[in-house]
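J.: Just to be clear, the model below is a prediction. Sequence and coordinates:
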Amino acid sequence: MEFALEARQLKKEYQDKLALKGLNLQIKPGEIFCLLGQNGAGKSTTINLFLGFITPTSGAAYINGLEVADHLLKVKEYLAYIPENVMLYPNLTGLENLALFSSLAGFEYDKEQLLFYLIEAGLPAEAASRKVGTYSKGMRQKVGIAIAVAKHAKVLLLDEPTSGLDPKASNEFSDLLLKLSSQGTAIFMATHDIFRAKEVGTRVGIMREGELVDVLGTAALDANELEKLYLNYMHN
């Protein structure tokens, strides 16, 4: 089976600091993999290696079977990325942002189709023609999801997407992720949110000091058990 994301002995060293220690990971289409860890554990480094923003010291990252370092432009066709603060153009409307980012990915849509994508991502129809500078964080993330859907992304990478969201917005975001995964999108999410990881994750990984120390299926765990396991790893 071809994995949507794969890391093979992926390692990243900065001068004298080993940020990622030989990561091995495989994520299937339709799976939501949540990566838990403290700041500096290596979560963002992992995402940046999959995005091709940085190059590995050794080992390799793969998207859709292609090695990222060797196929930077091609793998971008399969990827969408939602960072902690979604980068959109504040002076453009939601519709204009979606049209722009879709066209950069090679897709041209009429206004009706763009509006459909935004509404499907949970953005109120009346907000679509407002400037993004007036949007809340949750609304900007919905535009980010709409961009991922419009460009038919097979892989969605998320870095702390629920930080700063109120419970309602966080819940709406989780519902969107579950919907995308049901359509076959592979989702890799770095997060501090143990409850959300349990709620949406197919599997949860725990990372400490650049090392993936455990991978757990969420079906057999409740959030309290996951929290205890996580804290145990952090304190040992």
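T.: Right, received. Where do you want to start? Keep in mind that what you see is a predicted model, and the values were worked out from it rather than measured.

J.: mind listing the strands in the protein by residue range?
T.: With DSSP state E applied, the chain shows strands at 5-14, 17-27, 32-36, 58-63, 66-67, 79-82, 155-159, 186-191, 203-208, 211-217, listed in chain order.

J.: Please point out which parts of the longest one sit buried.
T.: Residues of strand 17-27 classed as buried under the neighbour-count rule (16 or more other C-beta atoms under 10 Å) are Ala19, Leu20, Lys21, Leu23, Leu25, Ile27. (Glycine included, C-beta is placed from N, CA and C.)

J.: circling back to that earlier point, make CSV out of the strands of the chain and add distance to Gln141 and mean pLDDT.
T.: What follows is the strands of the chain, written out as CSV (distance: least, C-beta to C-beta, whole Å; pLDDT from 0 to 100):
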stretch, distance to Gln141, mean pLDDT
strand 5-14, 21, 96
strand 17-27, 21, 94
strand 32-36, 16, 97
strand 58-63, 22, 97
strand 66-67, 27, 96
strand 79-82, 6, 92
strand 155-159, 9, 95
strand 186-191, 12, 96
strand 203-208, 21, 95
strand 211-217, 26, 94
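
J.: for the ones you listed, which one sits closest to Leu178?
T.: strand 32-36 (7.6 Å; C-beta to C-beta).

J.: So what are the sheet partners of that closest one and their directions?
T.: Next to strand 32-36 in the sheet, as set by DSSP bridges, lie strand 186-191 (parallel), strand 203-208 (parallel).

J.: low-scoring pLDDT stretches of the protein, where are they?
T.: Applying pLDDT under 70 to the chain flags residues 1.

J.: Got the domain ranges for this structure?
T.: Listed domain ranges for the chain are 1-78+154-236, 82-153 (source: automatic domain parsing).

J.: Endpoint to endpoint, the last one covers what distance?
T.: Looking at domain 82-153, the gap from its leading to its trailing residue is 12 Å under the measure C-alpha to C-alpha, to the nearest Å.

J.: can you count the residues close to Ala220?
T.: Per other C-beta atoms under 10 Å, the neighbour tally for Ala220 reads 7.

J.: again with the one 10 residues further on
T.: One way to gauge burial is a neighbour count; for Tyr230, by other C-beta under 10 Å, it gives 21.

J.: now, of the strands paired with strand 32-36, which is deepest in the fold?
T.: Neighbour counts (mean count of other C-beta atoms under 10 Å) averaged over each of the strands paired with strand 32-36 peak at strand 186-191, with a mean of 25.

J.: residues in contact with that one?
T.: For strand 186-191, contacts defined as C-beta atoms under 8 Å, 6 or more residues apart in numbering pick out 4-5, 27-37, 43-44, 46-47, 50, 154-162, 177, 180-181, 197, 200-201.

J.: ok, of these, which come out buried?
T.: Buried among the contacts of strand 186-191 (16+ other C-beta under 10 Å): 4-5, 27-29, 31-37, 43-44, 46-47, 50, 154-162, 177, 180-181, 197, 200-201.

J.: Would you agree Leu25 is in contact with Gly205?
T.: Yes. Using C-beta atoms under 8 Å, Leu25 is in contact with Gly205, at 7.2 Å.

J.: dump the residue contacts of Lys131.
T.: Pro90, Asn91, Leu92, Thr93.

J.: How about it: which residues does it bridge to?
T.: Thr93.

J.: What distance do you get for it to Gly210?
T.: Applying C-beta to C-beta, to the nearest Å, the value for Lys131 to Gly210 is 41 Å.

J.: swap in Ser170?
T.: Distance from Ser170 to Gly210, by C-beta to C-beta: 28 Å.
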